[in-house]
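Chemist: sequence and predicted structure, then a few things I'm wondering about:
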Amino acid sequence: MTSYKELGLVNTREMFAKAIKGGYAIPAFNFNTMEQMQAIVQAAVETKSPVIMQVSKGARNYANGTILRYMAQGAVEYAKELGCPNPQIALHLDHGDSFEICKECIDNGFSSVMFDGSALPYEENIAITKKVVEYAHQYDVTVEAELGVLAGVEDEVSAAESHYTRPEEVEDFSKRSGCDSLAISIGTSHGAYKFTPEQCTRDPKTGKLVPPPLAFDILHEIEKRIPGFPIVLHGSSSVPQDEVDTINKFGGKLPDAVGIPEEQLREASKSAVCKINIDSDSRLAMTAAIRKHLAENPSHFDPRQYLKPARENMKKMYVHKIVNVLGSDNKL
Ligand code: G3H
Ligand code: 13P
Ligand code: ZN
């Protein structure tokens, strides 16, 4: 058993309490590679922001869970080296799909876990979430649960259709499961294709898709029913069109990729939404920089030559999200 406290990590309880009071949201960035980890830490330190570094099943399959855990430990030490004596970094399991994986992560030094029972029948979701909570709380690890289903397809997370969270269920669910935060479905979805062209309108000037708005009425109804309870938004990449254009210009093919407009995420951050998950935007920033670099420097073959601009581009994106969208800067 390794406690996250020995690694210098923190759980999400205090982060969320402050974020709700302060009207901002904590960034939850997925990481799979050393460059993503470095860029996240550099951005968090530069902006003096708390940050959640999260690990998906796909990340564990790609990079190995043990390596990722040590990378998070390295992240804390790296933040200190960059001049932040008390970094607020949580290591979070993203979309845990069983009690066993949640337990394994808690035992290995994660400070926060998600049990995603959103595809299960309601009572089963409550029962397993409760079991995870009972185990996690013995070690002061915080637990995120999910009610409602997000559409979208990622490597390990997929659902054909979304079902908005039913506000009338959230009070019962949060009380009986004992979860510390609740991910809800109000129209966000995973991946770089959050809406089909049919669900959008088109900007006549740019020809770009304009997505439908998030269901803020449902969010506000949920806030009323569980005042002050931490709400989480998954699938919140905005799919920056400049990155999409760069990818397409240098040989990529991402037609009609579209995300959640940043103004809507900014608005959500001011509410009880206190954790916003961003993964795809990091993938886009990395891929755009690598494609551009290799197209402009065809003789380069040392990965450091193209991973350096990729890391810089991701850092720029993380800083932008923290400062201009979530508002979590200067909150340490
Ligand atoms: O929620 C999904 C995350 O973007 C993780 O995706 O399983 O492909 O790593 P992944
Ligand atoms: P995006 O695909 O919108 O980045 O969502 C990531 C996410 O929700 C991770 O859990
Ligand atoms: Zn997610």
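Modeler: In hand now; what should we look at? Numbers count the residues shown, from 1 in each chain. Ligands and ions are numbered 1, 2, ... in the order given.
Chemist: name the helices or strands packed onto whichever helix or strand His137 is part of?
Modeler: With secondary structure defined by DSSP states H and E, His137 is part of helix 122-138. Applying 3 or more Cβ pairs under 8 Å, 6 or more residues apart in numbering; DSSP states H and E, one finds that helix 122-138 contacts helix 99-107, strand 112-115, strand 142-147, helix 167-177. Any C-beta I mention is one placed from the backbone N, CA and C, and that applies to glycine too.
Chemist: could I get these as TSV with distance to ligand 2, mean neighbour count and mean pLDDT?
Modeler: Formatted as TSV, those follow (distance: least, Cβ to the nearest ligand atom, whole Å; neighbours: other Cβ atoms under 10 Å; pLDDT from 0 to 100):
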stretch	distance to ligand 2	mean neighbour count	mean pLDDT
helix 99-107	15	19	98
strand 112-115	8	29	98
strand 142-147	10	27	98
helix 167-177	19	17	98
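Chemist: give the rounded mean pLDDT of the helix holding His137.
Modeler: In this model, helix 122-138 has an average pLDDT of 98.
Chemist: does any part of whichever strand or helix holds Ile67 sit near ligand 1?
Modeler: Per DSSP H and E, Ile67 falls inside helix 65-81. No - on the criterion Cβ under 6 Å from any ligand atom, helix 65-81 is out of touch with ligand 1, staying 11.1 Å away.
Chemist: swap in stretch 266-277?
Modeler: No - counting by Cβ under 6 Å from any ligand atom, ligand 1 is not contacted by stretch 266-277; separation bottoms out at 6.6 Å.
Chemist: show me how far that stretch is from its chain's centre.
Modeler: 12 Å (Cα atoms, centre = their mean, to the nearest Å).
Chemist: start to end distance for it?
Modeler: End-to-end distance of stretch 266-277: 13 Å, with Cα to Cα, to the nearest Å as the criterion.
Chemist: can you tell me if it touches ligand 2.
Modeler: Yes - in terms of Cβ under 6 Å from any ligand atom, part of stretch 266-277 sits within range of ligand 2, namely Asn277.
Chemist: what comes into contact with that stretch?
Modeler: 12, 15-16, 19-20, 23-28, 30, 52, 54, 94, 144, 181, 214, 216, 219-220, 222-223, 226-236, 265, 324-327 (Cβ atoms under 8 Å, 6 or more residues apart in numbering).
Chemist: select only the buried ones of those in PyMOL?
Modeler: In PyMOL, this line selects whichever of the contacts of stretch 266-277 come out buried by 16 or more other Cβ atoms under 10 Å:
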select buried, resi 12+15+16+19+20+24+25+26+27+28+30+52+54+94+144+181+214+219+222+223+226+229+230+231+232+233+234+235+236+265+325+326+327
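Chemist: looking at the contacts of stretch 266-277, which are in strands?
Modeler: Among the contacts of stretch 266-277, DSSP state E puts 26-28, 30, 52, 54, 94, 144, 181, 231-233 in strands.
Chemist: ok, back up a step: got the buried residues for the helix holding Ile67?
Modeler: Buried positions in helix 65-81, judged by neighbour count with 16+ other Cβ under 10 Å: 65, 68-69, 71-76, 78-79.
Chemist: so which of these comes closest to ligand 2?
Modeler: The closest of the buried residues of helix 65-81 to ligand 2 turns out to be Leu68 (Cβ to the nearest ligand atom; 14.6 Å).
Chemist: out of the contacts of stretch 266-277, which are close to ligand 1?
Modeler: Answer for those near ligand 1 (Cβ under 6 Å from any ligand atom): 30, 94, 234.
Chemist: the second one against Gln54, yeah?
Modeler: Yes - under the criterion of Cβ atoms under 8 Å, Asp94 lies in contact with Gln54, with a separation of 4.1 Å.
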